[in-house]
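> Task: produce atomic coordinates for the following.
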Amino acid sequence: MKIAILSDIHGNREAYEAAIAAAQAAGATRFAVLGDIVGYGADPEWCVERTRALAEAGAIVVRGNHDEAIATSASGMNETARIALDWTRNMLPGPSRLFLSRLPLTATLDDMLFVHAEGSRPERWRYVLETEDARSHFEGTAARISFCGHVHKPCLYGTVDAGKVTRFVPGPADIPLLAQRRWLAVVGSVGQPRDGRPEAAFALYDSVSLDLSFLRAAYDVEAAAAKILQAGLPSRLAERLAEGR
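As a prediction, this is how the structure comes out:
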């Protein structure tokens, strides 16, 4: 089974469509969406509805902090995020808000864990930025392979029984997730990458070969940025799409 793992869609329809199409072309037979379906981008309702359709077809979907803020508060976020979330909240109909609020924080499948942020305390929304963050995840979870988002930069961490955590910056080649190690894959962002590349980022895991691929999908960045400006959202949200920052 090939599972496409997508995270941090952030209301970017163009990027989401491109990532889904690229995943299907690569042979994905199942999807996992790791949260932050909304926030920042100009197409939150379309992205929620597309995610709902994926879920109805068997996709795993978990909640991100931006999804949670639709039903609670964005008070702990920066001003740009708060403006975007207030706008998003007003744009979403009740059923979509309810869908987001009912998403679980985590999901499991076989030896895999799916979560938006660091998995030992998923409700704290901790970022996995370095090996010590990954160590907290490994110590607080039991899954052999975990997938998370939240950081918007692809990365891979591995550990063995001795507890040493190794950090890998993924390249274009497939990575074998050796069975004697535990793994945490930070899959990057579909809708707002921050690793210097504008293409939508996602991952593809083959549960038979145990290979993990970090993939990119080009999309119409200008169209997505124009929608943000037309909606009256902060211009920085449009500018950063082309920058990948």
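
> any idea how far Asn90 is from Gln24?
33 Å (Cβ to Cβ, to the nearest Å). From N, CA and C alone the C-beta is placed, and that goes for glycine too.

> more neighbours, these two?
When neighbours are counted by other Cβ atoms under 10 Å, Asn90 and Gln24 differ, and Gln24 comes out ahead with 13 against 7.

> Check which residues of the helix or strand hosting the more buried one are buried.
Secondary structure from DSSP states H and E places Gln24 in helix 13-25. By neighbour count with 16 or more other Cβ atoms under 10 Å, helix 13-25 contains the buried residues 13-20, 22-23.

> pLDDT on stretch 106-121, on average?
Taken as a whole, stretch 106-121 carries a mean pLDDT of 97.

> End to end on it, go ahead and measure it.
With Cα to Cα, to the nearest Å as the measure, the ends of stretch 106-121 fall 10 Å from one another.

> Quick one: the strands in this protein, in order.
Across the chain, reading from the start of the chain, the strands by DSSP state E fall at 2-6, 30-33, 60-61, 106-109, 112-115, 145-148, 155-159, 165-168, 175-176, 182-186, 200-206, 211-217.

> a markdown table for the ones you listed, including mean neighbour count and distance to Arg236?
Putting these into a markdown table (neighbours: other Cβ atoms under 10 Å; distance: least, Cβ to Cβ, whole Å) gives the following:
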| stretch | mean neighbour count | distance to Arg236 |
| --- | --- | --- |
| strand 2-6 | 25 | 24 |
| strand 30-33 | 24 | 25 |
| strand 60-61 | 22 | 28 |
| strand 106-109 | 16 | 32 |
| strand 112-115 | 24 | 28 |
| strand 145-148 | 26 | 25 |
| strand 155-159 | 20 | 24 |
| strand 165-168 | 15 | 29 |
| strand 175-176 | 15 | 34 |
| strand 182-186 | 26 | 24 |
| strand 200-206 | 26 | 19 |
| strand 211-217 | 20 | 23 |
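
> Distance to Gly94 added to those strands, as TSV?
What follows is the strands of the chain, written out as TSV (distance: least, Cβ to Cβ, whole Å):
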stretch	distance to Gly94
strand 2-6	25
strand 30-33	21
strand 60-61	19
strand 106-109	24
strand 112-115	26
strand 145-148	29
strand 155-159	37
strand 165-168	43
strand 175-176	42
strand 182-186	33
strand 200-206	29
strand 211-217	32
